[in-house]
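In: this one's sequence-less:
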C-alpha cells in the first residue's frame with residue numbers, strides 16, 4: 001500500500017492562533033480570578049455579623065497561586081481571626097472550665113465531676129459558604145465570557 005502525503009491547509013495558522021491564546025491566558029485568568037475573589041470577599045464581609053468588627057475586618061484575599069503542580073489556578077478568601085470557624089460553623093457554649101485535657105475531649109461524666117456545664121449551642125452563620133454559593137452561580141457565565149473573549153480573535 002502506498003502512503004499519501006496529505007497537506008492540511010491552514011494548520012500552521014491555527015497553531016499560531018492557539019499559541020497567541022495560550023500566551024494571553026495566564027494574565028486574563030489571573031485577572032478574572034482576582035475579580036471573582038474580590039466579589040466573594042466583599043460579599044463575605046457583608047454577611048459577617050458585627051459585634052466588634054474584628055471578624056469583618058479580618059477577611060483577606062490571597063493572590064492567585066498555581067496549585068497541583070502548576071495546572072490549577074487558585075485564589076483564596078480566608079480569615080485571620082482565630083474565632084472565624086466558630087462563627088461560621090457554630091459552637092457549643094461551655095461554662096465552668098476546659099473541655100479538653102491533654103488533647104482529649106472530656107466525656108459527660110468527667111465534665112460533670114469538674115463542674116463544667118453546657119449552656120446550649122450557637123448555630124453557625126455560614127457567611128463564607130453563602131458567599132461561595134452565590135459566586136458559584138455567576139462563575140460559569142463569567143468564565144464562558146472570558147473564553148469567548150480569548151478565542152474571538154482566532155482568525156483562521
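Out: Thanks, I have it. Owing to the predicted nature of the structure, the values given are computational and were not obtained by experimental measurement.
In: Please identify the helix or strand for the nearest residue to residue 39 once chain neighbours are set aside.
Out: Leaving aside its sequence neighbours, residue 39 sits nearest to residue 135 (CB to CB, 6 or more residues apart in numbering; 6.1 Å). In this view, the C-beta of every residue, glycine as well, is placed from N, C-alpha and C. Taking DSSP states H and E as the criterion, residue 135 maps to helix 127-151.
In: swap in residue 41?
Out: Short version, using DSSP H and E: residue 41 is in helix 11-47.
In: Could you list the buried residues of that helix?
Out: 17, 21, 32-33, 36-37, 39-41, 43-45, 47 (16 or more other CB atoms under 10 Å).
In: circling back to that earlier point, how much space separates the residue nearest to residue 39 from residue 69?
Out: 26 Å (CB to CB, to the nearest Å).
In: who has more neighbours, those two?
Out: residue 135 (18 against 6; other CB atoms under 10 Å).
In: which ones are touching that one?
Out: If a contact means CB atoms under 8 Å, 6 or more residues apart in numbering, then residue 135 has 36, 39-40, 43 as its contacts.
In: try it again with 7 Å
Out: By CB atoms under 7 Å, 6 or more residues apart in numbering, the contact set of residue 135 is 36, 39-40.
In: Would you mind putting these into JSON lines with pLDDT alongside?
Out: Formatted as JSON lines, these follow (pLDDT from 0 to 100):
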{"residue": "36", "pLDDT": "94"}
{"residue": "39", "pLDDT": "95"}
{"residue": "40", "pLDDT": "95"}
